[in-house]
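Chemist: sequence plus predicted model, see below.
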Amino acid sequence: MKIRKIFLSGVAAVAITVLLLPVMIQAGSLEPSGAPASTMKTLDEIPPTWSQILPASERFELVLGGDGVLDKETGLVWEQSPSTSTYTWVNAQDNCAILVLGNRMGWHLPTIEQLASLVDNTQPAPKLSSGHPFVNVQSANYWSATTRTNSTTDARGVNFSTGAVVNVLGKTSSFNRWCVRGGQSHDIY
């Protein structure tokens, strides 16, 4: 009985090898046969996120039916026309969380790093790149999702009049908000 099981196991192993060997031979090398097909992008064609400086004419692209702006430097999608209303920090967070633009949800208040990435201090107020596609951006303070390190009652923001990161904004004060999709938000409490 034991010899029979060993024999059947051996026969099964040989049968599987005989059946799979031609498939394995046809599979060939794991090395690519040549350059990528025209529909594929090489690493040289994919811009590295956050590592280059593009002129506004190349940096920004209207998306989501014109409701959003893709920032090709950061990979983030911004509201093309942020609200001109002011909000407390909590209300700004909530307003972004329920926002639907271009038939898409998933918006949030940006981190201080994300918000500050839009600043171009070589330009007059609002401090945005010349030729940017945004409308209704105020020369004012905008909330970020970033809480001040040593005070949970304060948050950081960006003043688009001066281009400066504003270190202390009491969360109960009212300032502008500019929602973003993609990336990561933090300090939402």
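Modeler: Thanks, I have the structure now. Numbering: from 1, shown residues only.
Chemist: hang on, isn't Val69 packed against Trp78?
Modeler: Yes. Using C-beta atoms under 8 Å, Val69 makes contact with Trp78 at a distance of 4.9 Å. Where C-beta positions appear, they are placed from N, C-alpha and C, glycine not excepted.
Chemist: more neighbours: which of these two?
Modeler: Legend: neighbour count by other C-beta atoms under 10 Å for Val69 and Trp78, higher for Trp78 (28 against 23).
Chemist: can I take it that that one is in a helix?
Modeler: No. Counting by DSSP: H, G, I helix; E, B strand; the rest coil, Trp78 is not found in a helix; it is strand.
Chemist: who touches both of Val69 and Trp78?
Modeler: Residues touching both Val69 and Trp78 (C-beta atoms under 8 Å, 6 or more residues apart in numbering) are Phe134.
Chemist: Met105 - how many residues pack around it?
Modeler: With other C-beta under 10 Å as criterion, Met105 counts 10.
Chemist: just the helices in the chain please.
Modeler: Applying DSSP state H to the chain gives helices spanning 2-27, 56-59, 89-98, 112-116.
Chemist: ranking the ones you listed by mean pLDDT, which is last?
Modeler: Mean pLDDT is lowest for helix 2-27 among the helices of the chain, at a mean of 53.
Chemist: what is the burial count for Arg181?
Modeler: For Arg181, the count of nearby residues is 22 (other C-beta under 10 Å).
Chemist: Ile53 too?
Modeler: 7.
Chemist: isn't Gln184 right up against Thr111?
Modeler: Yes. Using C-beta under 8 Å, Gln184 makes contact with Thr111 at a distance of 7.1 Å.
Chemist: what about these two, which has more around it?
Modeler: Shown here are Gln184 and Thr111; by other C-beta under 10 Å, Thr111 has more neighbours (19 against 10).
Chemist: which stretches of this protein have low pLDDT?
Modeler: 1-50, 185-189 (pLDDT under 70).
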